[in-house]
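Novice: model the structure of this input:
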Amino acid sequence: MKILFLGDVMGRAGRAAVAERLPKLRADWGLDFVVVNGENASGGMGLTGEHAKLLLDAGADVVTLGDHAFDQKDMLRFIDTEPRVIRPINYAKEAPGRGARLFEDRRGRKVLVAQVLGQVFMKRAFDDPFSAIDGVLRNHPLGGLAQAILVDVHCEATSEKMAMGHWCDGRASVVVGTHTHVPTGDAMILQGGTAYMTDAGMCGDYDSVIGMEKGEPMRRFITGMTRDRFTPASGDVTLSGLYVETDDRTGHARRTAPVRVGGRLAPAAP
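Specialist: Predicted structure coming up:
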């Protein structure tokens, strides 16, 4: 199975780039399944139902969220009407939506997608991510109920993401990090057969401070004072993510490569 994961979509420019480029990527690369992290796609904070539909119509099979899952209030209602949008599994227990779900690719093969939030350096304490994802993987053995399993690890600390990768090694096809908006150079296949990358980066303008226009973030760092709101950068967008090919029998990764399409970080592609 050929799987593409795209990192955090950042604002209007990121949405437009995904809508423009993803259909061609699906066709040119023969992609079977696409997951997109959309938690910053609406104004850089959260995701609206309208913008979720845009990403899904562009070719995403699943859209994951993150710690900003419900910053856009209409997502509180929308997520219960659209099963292809996944929020973190260890979010508040009363939160709407689900954190893991089985899907089918276009050939009918089962794909489990789950998202989990880290705890280290995050603004609020979430439930233990390791026990949360362990329960999901125990109930969905790789190569049995699911031909492929993808876990989106949304957290700040690289060490926590790497620990999650090894915790899931052999039990998931892909473990990929999101949240920091900066792509790492460690795409690899772990010993147990799980494709791993600490952070997929963002689908946004890299002539920025993690996707925001440079002026206000730099002012806050330099002066310690706030003047304006953060505004998503609107220049040339790089689609950043991870490409993985899996074995249908075992669900393990056979090949993986970082993805950079367009903008300042290209070229890099499978």
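Novice: C-alpha from now on. contacts and neighbour counts both.
Specialist: OK.
Novice: residue 188 against residue 198, yeah?
Specialist: No. Counting by Cα atoms under 8 Å, residue 188 does not reach residue 198; the two are 9.7 Å apart.
Novice: who has more neighbours, these two?
Specialist: residue 198 (28 against 18; other Cα atoms under 10 Å).
Novice: which residues touch the more buried one?
Specialist: 158, 161, 162, 176, 177, 178, 183, 184, 186, 187 (Cα atoms under 8 Å, 6 or more residues apart in numbering).
Novice: quick one: contacts of the helix or strand encompassing the fourth one?
Specialist: The reference is to residue 176. According to DSSP states H and E, residue 176 maps onto strand 174-178. Strand 174-178 is contacted from outside by 7-8, 37, 149-155, 161, 164-165, 168, 194-201, 242, 244, 253, using Cα under 8 Å, 6+ apart.
Novice: try 7 Å
Specialist: 7-8, 149-155, 161, 165, 194-201 (Cα atoms under 7 Å, 6 or more residues apart in numbering).
Novice: elements contacting the helix or strand just after that strand?
Specialist: Beyond strand 174-178 in the direction of the C-terminus, DSSP H and E gives the next helix or strand as strand 188-189. Applying 3 or more Cα pairs under 7 Å, 6 or more residues apart in numbering; DSSP states H and E, one finds that strand 188-189 makes contact with strand 195-197.
Novice: just the mean pLDDT for the strand it packs on, thanks.
Specialist: Per-region confidence: strand 195-197 scores 98 on mean pLDDT.
Novice: list the neighbouring strands of that strand plus their orientation.
Specialist: Sheet pairing for strand 195-197, assigned by DSSP bridges, gives strand 174-178 (parallel), strand 188-189 (antiparallel).
Novice: chain center to the last one, what's the gap?
Specialist: Read it as strand 188-189. In terms of Cα atoms, centre = their mean, to the nearest Å, the centre of strand 188-189 is found 17 Å from the chain centre.
Novice: do the first one as well
Specialist: On the basis of Cα atoms, centre = their mean, strand 174-178 sits 7 Å off its chain's mean C-alpha point.
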